[in-house]
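A.B. asks: pasting the structure only:
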């Protein structure tokens, strides 16, 4: 039973990640993917797009918040959560 719940949790997390990424444009997704999936540092990302690591940090925070807010709105619309 625990394995089935783990699998369902993983599937749900992947679906939530896909929903979150769908609200971002291509350049926003690229920065998040470079950092969280590819393991690039903020400095490496900044260098590749001619921005400072501080600017990348600010963008990561902004894009994460945007994605989180989008997911919360979807969950409210789906009746999963009352949080707005």
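C.D. replies: Everything's here; your move. Just so it is clear, the structure is predicted and the values come from calculations on it, not from any experiment.
A.B. asks: In the protein, mark out all the helices, start to finish.
C.D. replies: 2-22, 26-32, 42-48, 53-77 (DSSP state H).
A.B. asks: now those in CSV, with mean neighbour count and mean pLDDT?
C.D. replies: C-beta: built from backbone N, CA, C; applies to glycine. Shown next, in CSV, are those (neighbours: other Cβ atoms under 10 Å; pLDDT from 0 to 100):
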stretch, mean neighbour count, mean pLDDT
helix 2-22, 11, 76
helix 26-32, 15, 93
helix 42-48, 16, 97
helix 53-77, 15, 89
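A.B. asks: what sits against residue 32?
C.D. replies: 21, 24, 60, 63, 64, 67 (Cβ atoms under 8 Å, 6 or more residues apart in numbering).
A.B. asks: 10 Å instead, please
C.D. replies: 17, 20, 21, 24, 45, 59, 60, 63, 64, 67 (Cβ atoms under 10 Å, 6 or more residues apart in numbering).
A.B. asks: Correct me if wrong: residue 49 contacts residue 56.
C.D. replies: Yes - using Cβ atoms under 10 Å, residue 49 is in contact with residue 56, at 8.1 Å.
A.B. asks: Name the residues contacting each of those two.
C.D. replies: With Cβ under 10 Å, 6+ apart as the test, residue 49 and residue 56 both reach 31, 34.
A.B. asks: What backbone torsions are found at residue 41?
C.D. replies: With angles defined as degrees, to the nearest 10, residue 41 sits at phi -80, psi 160.
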